[in-house]
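Generate a structure from the sequence data that follows.
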Amino acid sequence: MKTVIVGGVAGGASAAARLRRLDEQADIVLLEKGAYISFANCGLPYYIGGTIKNQSALTLQTPESFHRRFNVDVRVCNEAVHINRDAKTVTVQDIRTGKKYEESYDKLILSPGARPVIPPVPGLPCTRAFTLRNIPDTLAIDTFVKEKAPQSATVIGGGYIGVEMAENLTEAGLSVTIVEMADHLIAPLDYDMACDLHRHLKSHGINVLTGHRLAAVHETPSSLTLTLSGPSGDHSLATDLLILAAGVRPESDLASQAGLTVNARGAIVVDDHMCTSDPDVYAVGDAIAVTDFVTSQEAYVPLAGPANRQGRIAADNICGLDSRYTGTQGSSILKAFDMTVAATGLSEHAAQQQGVRYEKVFTFSPSHAGYYPGGKGMSIKTLYDPVDGRILGAQIVGFDGVDKRCDVLATAIRAGMTAYDLTRLELCYAPPFSSAKDPVNMVGFVIENTLTGKVKNFHWHDVASLPRDGSVTLLDVRTPTERASGYIDGFVHIPLDDLRARYTELDPAKPVYIHCHSGLRSYVACRLLAGYGFNCYNLSGGWRLYESVTADRAVPEHGCYDPK
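Got it, this is the predicted structure:
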């Protein structure tokens, strides 16, 4: 059997390697319009920043090494320009010579990837504007930085590539601005979880402009002048270098022209065998529509991990194995200097858009035992089904240990686990690595307490609407030192350790809304007061989360928030 694969990198190269491992006699042709068949897409920004120093490190396989290892006919700089499904041929153009030829197939795998979005604004394209998709893009940016010595750079788009480029350009010595149309960076995060990232980037000198879009570009011989449109109108920004990282679109023109089914977004529609509307044509990677694992709704999630698995599954089915893709849950992670941002499953925004039943909790846990030096806190937002406690999604922002906690929660989602299951997980513990109650266990405990009625929560966005007319009690149980660093208007202060002796100062007929720094001590306060007949609510995520969000929304510098 002869299989032709269009596109290398993650999905195509994985499919080729798997085909060979399953069938030593298979005839495999891999067509790649670029000069590289397998390279580290996700490592490209780190070459520009100098973390990856050798260009050769970006190339995972060369055509020669891939042929030696897997006996695959690899043809770089050969672009598939037309598919004749009736004749089962692909028209290929050799980019170096311009000549075209026909290549026959029994089975065809499409792995063309996605192309960067170029905003349709006056002044683009221009010589100082770059996208980042492949090694030539990377080398072009690196050459520009070394030869032109720009002092400033602006990144359009605050997704993963945008933030990684902002970090690496900063590390290369440039003054960097990120411009993002949405109200926060990193779309898989919710706004409340992105606020810590905003603050961290700003602490490293990056100017973060959310709620802004690029309206025009004016190029001079020595720089660019950008017109940005924001909440207060248009304004200008001078920059030496422009990085366009405003997202990607599926590279599906070849499939669409061949009459294969694509959706409204342009993504190729496939079944769980990775088969398109033609039984002899498969598609994988960033060009395809996927099924959201949590909601079972159609989605577009271009990630390297799923692309690799999809390539393997397509190869399995071509070789007669019943291998199925069970959906994408969007597990992803980002390094922003020394901060780590990770997410998996549904965000709150996505749950609302898709009409999914959910509830949420915020927890703040140390990366390892508090008495062992060097521990740092991580902020965790977890979505769950309020009926059965099934975990729907998680977002974590912190430093050490974020990756492994998000991986555990990603596994829990894939396994259909509930909050009760999280409480029973036996996870590795030693003081340098975790606490005896791991942050994932703590998520389970907090949700379990909520589901079983031991605590009722309110959230940062509820604070402003709480009445200040004396009809409810607003209580801050932090220490005096914590209180001095900032407070919420209207909350009376009784430290937790004094509460048992002073609870009689409170009216048991009034609901009590309580907060501490993270939500743990205020939970203890809720249980204490519940024992004396009070009806209590706990601020999930505590002052720490509340202050992070309100500070991002430019409250006064002293940290107080006056809802009046």
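
The stretch 401-550 of the chain: helices as residue ranges?
402-414, 419-424, 439-451, 480-484, 496-502, 520-530, 542-552 (DSSP state H, counting those that start in this stretch).

Export these as TSV, with columns for mean neighbour count and mean pLDDT.
The C-beta positions use only the backbone N, C-alpha and C, and glycine is treated the same way. Below are these laid out as TSV (neighbours: other C-beta atoms under 10 Å; pLDDT from 0 to 100):
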stretch	mean neighbour count	mean pLDDT
helix 402-414	21	98
helix 419-424	18	98
helix 439-451	23	98
helix 480-484	12	97
helix 496-502	13	98
helix 520-530	21	98
helix 542-552	22	96
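
Export those helices to a markdown table and append columns for distance to Ala350.
Shown next, in a markdown table, are these (distance: least, C-beta to C-beta, whole Å):
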| stretch | distance to Ala350 |
| --- | --- |
| helix 402-414 | 13 |
| helix 419-424 | 20 |
| helix 439-451 | 19 |
| helix 480-484 | 34 |
| helix 496-502 | 36 |
| helix 520-530 | 28 |
| helix 542-552 | 19 |
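
What sits closest to Met378 if chain neighbours are left out?
Counting by C-beta to C-beta, 6 or more residues apart in numbering, Met378 lies nearest to Gly398, which is 2.8 Å off, once chain neighbours are set aside.

and the residue lying closest to Asp240 once chain neighbours are set aside, helix, strand or coil?
Distances taken as C-beta to C-beta, 6+ apart put Pro150 closest to Asp240, at 3.4 Å, once the chain neighbours are dropped. Look at Pro150: counting by DSSP: H, G, I helix; E, B strand; the rest coil, its state is coil.

Spit out the contact partners of Pro150.
Going by C-beta atoms under 8 Å, 6 or more residues apart in numbering, Pro150 touches Phe144, Leu174, Asp240, Leu241.

And these, which is closest to Ser540?
Leu174 (39.0 Å; C-beta to C-beta).

From Pro495, how far off is that closest one?
47 Å (C-beta to C-beta, to the nearest Å).

cool, and Leu228?
Leu228 is 47 Å from Pro495, by C-beta to C-beta.

So between Leu174 and Pro495, which is more surrounded?
Neighbour totals were compared for Leu174 and Pro495, and Leu174 leads with 21 against 18 (other C-beta atoms under 10 Å).

taking the contacts of Pro150 one by one, which sit in helices?
Phe144 (DSSP state H).

Any chance of CSV for the contacts of Pro150, columns pLDDT and distance to Cys319?
As requested, the contacts of Pro150 are exported to CSV (pLDDT from 0 to 100; distance: C-beta to C-beta, whole Å):
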residue, pLDDT, distance to Cys319
Phe144, 96, 45
Leu174, 97, 49
Asp240, 98, 52
Leu241, 98, 47
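
mind listing what the lowest-mean-pLDDT helix or strand in the chain pairs with, with the direction of each?
Least confident helix or strand, the chain: strand 38-39 with a mean of 76, by mean pLDDT, DSSP states H and E. Paired strands of strand 38-39, with direction, are strand 59-61 (antiparallel) (DSSP bridges).

any idea of the mean pLDDT for the partner strand?
For strand 59-61, mean pLDDT is 78.

could you point out which element follows it?
Note on strand 59-61: by DSSP states H and E, the next helix or strand toward the C-terminus is helix 63-70.
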